[in-house]
Structures are given as C-alpha cells and as structure tokens.
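In: A structural model of the following input is requested.
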Amino acid sequence: VQLVESGGGLVQPGGSLRLSCAASGLTFSRCDVIWYRQAPGKERESVASITSAGSRTNYADSVKGRFTISRDNTRNTVTVYLQMNSLKPEDTAVYYCNARDGYYNYWGQGTQVTVSS
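Out: Next up is the predicted model:
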C-alpha cells in the first residue's frame, strides 16, 4: 500500500496551493481520508477530512473558509485534493494524507508547504 502526496511548495502569504493524494494497493474509493499537518516543534493536527463517497467534509477551525477538501472517485486513479487559499505563514508544515478503510490506517510520506515572503 502506498499513499503519495504532491503539490507542496513555497508560496507567498495570500497565495494558493492544491495538494493531491493518490493511492495504490488499496481501494482508495472506500477510504475516509484526513489531511494532517505537522509544523516544526508542534504536534500533528488534523486539517480536513472527507468521507469515502465525499458526502461529508470537516475542517479545523483554523482553516475553515480557506481550505477545501474534495475527491474524485471517478478516475482510474482515485485522488483526494486539498485546495488551500489565502495561505498564512502559520500554515507552514508538512502535510500528510491519511486513509482509513475501517481496518487500517495508511499514511503518506508528506509534502512540505512553506508560506513565506
């Protein structure tokens, strides 16, 4: 099983990034997915989540109105996205994709997001 995040990078405050998470080796369309982030010296925190069918989403208060989680289960490679707008320096962190199929937790390797001028 492999989860692969992509889309991170360096962006100025107020800018946008879109993170992607794709999986192999599991039925990703049946997984609830959570995006987490971990900043240096801080604990990992959940940022946004989406159910397997995409019918329900949830956001941390710190990102509500700025981040949007979505998924495309129709593609051959099911992908979960995190659209991040109005980025702030405090959004700087490594962002991780977490998938849950009711039995196991799967983690990606993370992608670095740096918000700085």
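In: And the residue nearest the centre of the protein?
Out: In the chain, the residue lying closest to the centroid (C-alpha atoms, centre = their mean) is W35, at 3.4 Å.
In: host element of it?
Out: strand 32-38 (DSSP states H and E).
In: Report the mean per-residue pLDDT for that strand.
Out: For strand 32-38, mean pLDDT is 98.
In: Over to stretch 81-100?
Out: Here the average pLDDT along stretch 81-100 is 98.
In: what's the span of it from first residue to last?
Out: With C-alpha to C-alpha, to the nearest Å applied, stretch 81-100 spans 16 Å between its terminal residues.
In: What residues of that stretch count as buried?
Out: By neighbour count with 16 or more other C-beta atoms under 10 Å, stretch 81-100 contains the buried residues 81-82, 84, 87, 91-99. Using the backbone N, CA and C atoms, a C-beta is placed for each residue, glycine as well.
In: Nice, that's everything, thank you.
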